[in-house]
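1. need a structure here:
(chains A and B)
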2 protein chains.
Amino acid sequence: MLLPGLLEKLVIKNDTKIVYLILDGVGGLEVEGKGGTELQVAHTPNLDELAKNSICGLLDPIAPGITPGSGPSHFALFGYDPFESNIGRGILEASGIAFPLTPRDVVARINYATIDKEGRVIDRRAGRITTSENNRICAKLRENAKLGNTEVLVEPVKEHRAVLVLRGDGLEGDIEDTDPQKVGLFPLEPKANNPESKATANLASDFLSQAKSILADEKKANMILLRGFAKHRAYPSLEMRFGLKSLAIATYPMYKGIARLLGMTVLPSLEGIEDEFKALKDQYNNYDFFYLHIKHTDSRGEDGDFDAKVKVIEEVDGFLPQITELNPDVLVVTGDHSTPAKWGGHSWHTLPVILNSKFCRVDQVTKFDEISCIQGGLGRQPTVNLMTIILANAGRLAKFGA
Amino acid sequence: MLLPGLLEKLVIKNDTKIVYLILDGVGGLEVEGKGGTELQVAHTPNLDELAKNSICGLLDPIAPGITPGSGPSHFALFGYDPFESNIGRGILEASGIAFPLTPRDVVARINYATIDKEGRVIDRRAGRITTSENNRICAKLRENAKLGNTEVLVEPVKEHRAVLVLRGDGLEGDIEDTDPQKVGLFPLEPKANNPESKATANLASDFLSQAKSILADEKKANMILLRGFAKHRAYPSLEMRFGLKSLAIATYPMYKGIARLLGMTVLPSLEGIEDEFKALKDQYNNYDFFYLHIKHTDSRGEDGDFDAKVKVIEEVDGFLPQITELNPDVLVVTGDHSTPAKWGGHSWHTLPVILNSKFCRVDQVTKFDEISCIQGGLGRQPTVNLMTIILANAGRLAKFGA
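-> A predicted model of the protein is given here:
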């Protein structure tokens, strides 16, 4: 890692364009009978051609052996230390719905749940109530729950998911989840992990008792479970740190949320890959830095569906010429982490990366996959380094030292 | 990085010989029509033969994506943390002319400049006055500028360049440059970046006003610009840290200066590569560690002259047998940073490295260039690691732990 603050001191502004194509969970594993990993099996003539003319390598999203959530792995992609920037699920959800957070807020994610008469959780998702039910129940909580000087904000997200924001002075968010993770158990108490968070944990506990009464007459959503408590903090934006006017092109709320936390402009209401590539073209003159996020490589990996993930990769490959014909100064293709169909979830495996620029040192790699890229000139390094290398290739970094 | 102080604790003295051949700015980039990078295109049978019998790899001078100045990249080569050892231009200049610095000194580089009647800079190099003019003007400043208890030392370097040393108690050097970087602008004030440097910044400001009066009757050098302020600090020498009696063989003042800062003996007045290799032979019995610096690979890269850089590499290759026939225990060939002709300046790209010793683990690399060395046994690592590996290969490091 560089010394804190050094990179920002070296930043130069210019009019180069950077495109950052992120295939969520793209890294995979060989499955018997398939003849290779998802990337090896996929027919990707455009990605392979790009790899041939670029420098390639392998990335550790966080550190060798560590399986990342989407939060830290994305922070690393944007050049933010994933350890110190590890943010709570609550804040990711709140940012995803563009809820305006303040530095006085402690945030947690709400899951509506069903409890039995004794208070044991019998459905951790309250039968996946509809979003309009969710809206109604959130309003009920918002109107009836009172915590003295602390404001209580309850915002619906989707289905059984919502966000709780406690807003007040001196709140702290190092508090344990109340979700017992299994049905048949009682919800847990919101336990403070340090003395500073004790008062806030008591407020959360008070809120939970009130919620239980307020929701007592609900059939499905008669309780709430809280997860991912955290105090909101403001992050320095990509503009402040790197002088980049940046645009996020993503379809899923969480990725839009992360982009918002980093001060990126976020395009609303895109649907599907075609829409995303079209948006890149339409907006190309208006920004310096384009984060284009493809979700379904990850989703199909999570499903354990090898063939479907291969198809998504091939679909993206088909759209790649729409980027290359814009001729960006720097084009990077990689993922945030691996989601091998064989593993069925996020994993710790490295990710292949392609970095193309006029000043990249082209290596001997001719295929975009996890095995070929071992031979690449970028070697194997942590994802957090990538942003520095991108800025260098864009001519956006001054020399360090005399 | 190792724990501070650990390496020094492991050091063992013996009578092995280490030769460190540094081709400044040797790393390059492919230029269309040339068929490869400068190293790939150069005909280097001796370097390739050495690579074949050695362990090879790629070095990041500072960190991935960071373009280094010569100061930090050389400190890294000698095993000094390039971040904490990043020294000011003023100190590099002063060391280059062998000016005896003390720990009470704050140093800055002087550029003589021409200002118009209103005080705007119209020539940042004072028409590149001659060195003898420079001598005369420095003497004038030295005799007439007074800063109370603080000594003012002004030493000529060459043409329009000189060194200012403020010597006194409690001086600090975190002070901004006064060079406005463009003609048509007024010189800047020497702004302190922290409270401790405020008093020294005031002294510098006072000195600048006096200099303006003292030089008022000069036609060309009627003002000075100050750059690269820093307080001098003593570095532990290569002898103290590693028990190495070391010799620097270099032709350019700055590299001699860095060597002096690290306690190396510096051969005076060498001219050209042939002279340098002859000096190595002549002095071979007198030292343990030989730093042999070749400047022109960098200069031709800075000029953007691909073919000329190839020629310098080929010239050095021709001299290589003069080292190998001495049969040193460890021979390392690398650079301090890349200066690709295509980029026309220092760049962030990695550098190939060859390490030959009786105990190196020979890998499959058979050519000394940026692409071949990706496959080497040293992998990709920061330059600062190299000194430890050299000492190990020289049998100069004890076991760590029981």
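2. Going by C-alpha atoms from here, please, whenever you check contacts or count neighbours.
-> OK.
3. how about the strands in the stretch 301-402 of chain A?
-> A:330-334, A:351-357, A:379-382 (DSSP state E, counting those that start in this stretch).
4. what do you get for the stretch 51-200 of chain A?
-> Ranges of strands within the stretch 51-200 of chain A are A:55-60, A:105-115, A:121-123, A:151-158, A:161-167, based on DSSP E, counting those that start in this stretch.
5. tell me the most buried of these?
-> strand A:55-60 (a mean of 29; mean count of other Cα atoms under 10 Å in any protein chain shown).
6. my read: residue A:267 touches residue A:247, true?
-> Yes. Counting by Cα atoms under 8 Å, residue A:267 touches residue A:247, with 7.5 Å between them.
7. domain parsing for chain A?
-> A:6-83+A:236-393, A:92-231 (automatic domain parsing).
8. Now tabulate the ones you listed in TSV and tack on mean pLDDT and distance to chain B.
-> Below are those laid out as TSV (pLDDT from 0 to 100; distance: least, Cα to the nearest Cα, whole Å):
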stretch	mean pLDDT	distance to chain B
domain A:6-83+A:236-393	97	4
domain A:92-231	95	29
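9. which of these is buried the deepest?
-> Most buried of these by mean neighbour count (mean count of other Cα under 10 Å) is domain A:6-83+A:236-393; its value is a mean of 21.
10. Could you work out the end-to-end span of that domain for me?
-> By Cα to Cα, to the nearest Å, the extent of domain A:6-83+A:236-393 from end to end equals 18 Å.
11. same deal with stretch A:13-27?
-> 33 Å.
12. Ends of stretch A:342-353, what's the gap?
-> Note: stretch A:342-353 ends 21 Å apart using Cα to Cα.
13. which other residues reach that stretch?
-> A:25-31, A:56-61, A:64-69, A:301-304, A:306, A:332-340, A:368-370, A:373 (Cα atoms under 8 Å, 6 or more residues apart in numbering or on different chains).
14. now swap in stretch A:149-167 and tell me
-> So stretch A:149-167 is contacted by A:90, A:93-94, A:97, A:104-113, A:125-135, A:138-139, A:141-142, A:145-146, A:168-169 (Cα under 8 Å, 6+ apart).
15. May I have it exported as CSV, CA atoms only?
-> Output of stretch A:149-167 as CSV, limited to C-alpha atoms (Å, rounded to 0.1, in the frame of the first residue of the first chain):
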residue,chain,number,x,y,z
ASN,A,149,-34.6,13.1,20.7
THR,A,150,-33.5,10.5,18.3
GLU,A,151,-35.3,10.6,14.9
VAL,A,152,-36.5,7.2,13.7
LEU,A,153,-36.6,6.9,9.9
VAL,A,154,-37.9,3.7,8.3
GLU,A,155,-37.6,3.4,4.5
PRO,A,156,-38.9,0.5,2.4
VAL,A,157,-36.5,-1.2,-0.1
LYS,A,158,-38.2,-4.1,-1.8
GLU,A,159,-40.3,-7.1,-0.7
HIS,A,160,-39.4,-7.9,2.9
ARG,A,161,-36.4,-5.5,3.0
ALA,A,162,-36.2,-2.0,4.5
VAL,A,163,-33.8,0.4,6.1
LEU,A,164,-33.8,1.8,9.6
VAL,A,165,-32.0,5.1,10.3
LEU,A,166,-31.5,6.4,13.8
ARG,A,167,-30.5,10.0,13.6
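16. ok now it, how far from the chain's centre?
-> Relative to its parent chain, stretch A:149-167 has a centroid offset of 20 Å by Cα atoms, centre = their mean, to the nearest Å.
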